[in-house]
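# what follows is a protein structure lacking sequence information:
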């Protein structure tokens, strides 16, 4: 039972961090919309989505089962989630770069890196507090 509670705490922490990142990405896109225009704004949104969506999918896979059920099952879903995360990230970047005529690559990459750093440090901070 304790492992299931820990799983729920970790799941809640991961989603909390992703929500904060979503707000920051939206704020960056809004600022860029006002300062640089719509191309920079949607480019920033794509950069944020390239970080958020794969991490959301990963969290869904990783927290599918608790360690109380089966450690090997947890690890299997963890690895599947990581593979999905990488594939979706590459697909978002590939589709954005090949399908969009106007794209502010700097806005996209900077927002992606900001979201990625927030994800890494946010999880470390939230997990350290609990």
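Right, received. Where do you want to start? Computed from a predicted structure; not experimentally measured.

# how far away is the residue positioned nearest the centre of the chain from residue 125?
Nearest to the geometric centre of the chain sits residue 52, at 2.7 Å (Cα atoms, centre = their mean). Between residue 52 and residue 125 the distance is 18 Å, computed by Cβ to Cβ, to the nearest Å. Glycine gets a C-beta too; all of them are placed from N, C-alpha and C.

# and residue 33, what element?
helix 2-35 (DSSP states H and E).

# hang on, the earlier thing: helix/strand/coil for the residue nearest to the centre of the chain?
helix (DSSP: H, G, I helix; E, B strand; the rest coil).

# can I assume it is in contact with residue 115?
Yes. Using Cβ atoms under 8 Å, residue 52 makes contact with residue 115 at a distance of 6.5 Å.

# quick check: phi and psi on residue 102?
Phi and psi for residue 102, reported as degrees, to the nearest 10, are phi -110, psi 120.

# what is the burial count for it?
By other Cβ atoms under 10 Å, 10 other residues sit near residue 102.

# OK, contacts around the residue nearest to the centre of the chain?
Contact analysis of residue 52 by Cβ atoms under 8 Å, 6 or more residues apart in numbering lists 18, 21-22, 25, 115.

# counting neighbours, what do you get for residue 124?
11.

# got it, and residue 125?
Residue 125: 12 neighbours (other Cβ under 10 Å).

# do residue 28 as well
Summarising burial for residue 28: neighbours were counted as other Cβ under 10 Å, giving 21.

# if we can go back for a sec, I'd like the contacts of residue 52 as CSV, with distance to residue 4 appended.
CSV is the format used below for these (distance: Cβ to Cβ, whole Å):
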residue, distance to residue 4
18, 21
21, 26
22, 27
25, 31
115, 30
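
# most surrounded residue in those?
So for these (other Cβ under 10 Å), the most neighbours sit at residue 115, 25 neighbours.

# what pLDDT does it get?
For residue 115, the pLDDT comes out at 97.

# what of the one 10 residues further on?
pLDDT recorded at residue 125 is 80.

# enumerate every residue touching it.
Residue 125 touches nothing, counting by Cβ under 8 Å, 6+ apart.
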